[in-house]
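Asker: sequence plus the predicted model coming up.
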Amino acid sequence: MRRRRVVRTFHFDRILAFVIFVCFAVAMVCVALSFNMGAPSIVVKGRSLYVVTYARCASESEAKLKSEECFARGGAGNVVPDGDDFLIAASAYTSYEEALTVAERLDGSSVKEIALEKLKFVSSSASELAADAAILCYVTFANELSECASELDAREVSEAVAVERCKLCLSEASRLLRLASAQMSLSATSPEEKALLSATVELLSEAAALLKDTETGEGLLTSRIRRAFVALALKTRDFSKGLK
């Protein structure tokens, strides 16, 4: 009996479809890898702080007098340029609603927003230090100084406790300042990283000086804390804008 011969045929259309599928899959993998190959980034969320004004002045001499008056009465007393005028800061808050409530109790007062920009860094040892400094000033120091001033007003904490909380903030600012200064001095640090670290050192130096003043400065403790909060908010705003 003769065996039947089986003829096998190739389905080129199926083979072509398979090849196209494999190529597409490889392309998708390459795309995915290309996104993952980029350096990871560090993001610091932006936020706003709110200054309640004590007065608006048309000249520096008038602003100086109003500043001293405000500070003596327990307010911050910072002079904040605003166009051709000068605003005198009474206090600052992390919440707009709280700032508005306070402003409504003061004749002629208003609320001025201080916007701290969102920051995004390519991950590196220098950018990690810059991000840590930003988070300290955006969140930790702002919250602590705001709460200390409010709680002192409400007599919920003693001056000794408020000073200790400010000293803890100072200790953290000083620690990070040492790290940033040391990193900036390393020969392997690139010019771009040195510029970022320089801005970070400047911010932390200002923060440390302001926090130190809450402990050793003259005037009412609430005034010193409020002054430090407003000054640091303005310095942090400039830092965040400078990195945009």
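Answerer: Received, thanks. Numbering: from 1, shown residues only.
Asker: would you map the strands across this protein?
Answerer: Applying DSSP state E to the chain gives strands spanning 41-44, 47-57, 79-82, 85-93, 111-116, 119-122.
Asker: could you give the separation of stretch 205-224 from the chain centroid?
Answerer: Computed by Cα atoms, centre = their mean, to the nearest Å, the chain-centroid distance of stretch 205-224 equals 20 Å.
Asker: give me the mean pLDDT for it.
Answerer: Average pLDDT, stretch 205-224: 96.
Asker: which residues are contacting it?
Answerer: Stretch 205-224 has contacts (Cβ atoms under 8 Å, 6 or more residues apart in numbering) with 71-72, 74-77, 136-137, 141, 145, 149, 152-153, 159, 162-163, 166-167, 169-170, 173-174, 177, 225, 227-228, 231-232, 235. (C-beta placed from N, C-alpha, C; glycine too.)
Asker: skip the chain neighbours and tell me the closest residue to residue 174.
Answerer: The shortest distance from residue 174 to any non-neighbouring residue, by Cβ to Cβ, 6 or more residues apart in numbering, is to residue 208 (5.5 Å).
Asker: distance of that neighbour relative to residue 77?
Answerer: The gap separating residue 208 from residue 77 is 21 Å, by Cβ to Cβ, to the nearest Å.
Asker: more neighbours: which of these two?
Answerer: Ranked by neighbour count (other Cβ atoms under 10 Å), residue 208 and residue 77 place residue 77 first, with 25 against 19.
Asker: give me the pLDDT for the more buried one.
Answerer: pLDDT recorded at residue 77 is 97.
Asker: next one: residue 40
Answerer: 87.
Asker: try the one 5 residues further on
Answerer: Predicted confidence (pLDDT) for residue 45: 96.
Asker: now swap in the one 5 residues further on and tell me
Answerer: Confidence at residue 50, expressed as pLDDT, is 98.
Asker: now stretch 171-189: how far from the chain's centre is it?
Answerer: From the chain centre to the centre of stretch 171-189 is a distance of 18 Å (Cα atoms, centre = their mean).
Asker: outside of that stretch, which residues touch it?
Answerer: For stretch 171-189, the surrounding residues in contact (Cβ under 8 Å, 6+ apart) are 125-126, 129-130, 132-133, 136, 140-141, 193-194, 197-198, 200-201, 204-205, 207-208, 211.
Asker: for ChimeraX, write the selection for the buried entries among the residues you listed.
Answerer: Per 16 or more other Cβ atoms under 10 Å, the buried members of the contacts of stretch 171-189 correspond to this ChimeraX selection:
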select :126,129,130,132,133,136,141,193,197,200,201,204,205,207,208,211
